[in-house]
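Colleague: any chance you could fold what I've pasted below:
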Amino acid sequence: MEIALEGSLKTHIMYKAGLSYRDLVQLIDLLLDLGLIEVTGKGRHKTYKTTEKGMRYLQSYIDIRNLMQEQKERVEPAGANRLAVLIDTCLSDIADLKGRVATIERNVTLARELLRRERSVRLKT
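Modeller: Sure, this is the predicted structure:
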């Protein structure tokens, strides 16, 4: 929406935002449905412009992003240590789960072998 503040063609928006044409069409349809942009012109001369509602949304988004960045900067030193502990815990849990999966796989293999033997014995009798 920032790209379309003054009005832009589809190709300008697509290249400026780094979108594929398919993604651009979906995004434009969504923004039009939400009333965040409007279209003027016809055919190859359609221009897409951010509406007042879109500008309010964009400003709210920028404000929230700035608040989150400020919070991150305040918390980061302590948060970095907590994050490292959390990552270590997750890695430990993953290792534990891998061990459990290996045990389950062995048990399934044993159960299949027992069933195969039992069927074999039944067929012989």
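Colleague: pLDDT-wise, which helix or strand of the protein ranks last?
Modeller: Using mean pLDDT, DSSP states H and E, helix 52-124 stands out as the lowest-scoring helix or strand of the chain, at a mean of 81.
Colleague: look up how far Ile104 lies from Leu110.
Modeller: Using C-beta to C-beta, to the nearest Å, Leu110 is found at 11 Å from Ile104. In short, each C-beta sits where N, CA and C put it, glycine included.
Colleague: centre of the chain to the least confident helix or strand of the chain, how far?
Modeller: Centre-to-centre, helix 52-124 and its host chain are 15 Å apart (C-alpha atoms, centre = their mean, to the nearest Å).
Colleague: what sits against the most centrally placed residue in the chain?
Modeller: Central residue of the chain (C-alpha atoms, centre = their mean): Asp23, 14.7 Å from the mean position. Residues near Asp23 by C-beta atoms under 8 Å, 6 or more residues apart in numbering: none.
Colleague: pretty sure it belongs to a helix, no?
Modeller: Yes: in this structure, Asp23 lies within a helix as judged by DSSP: H, G, I helix; E, B strand; the rest coil.
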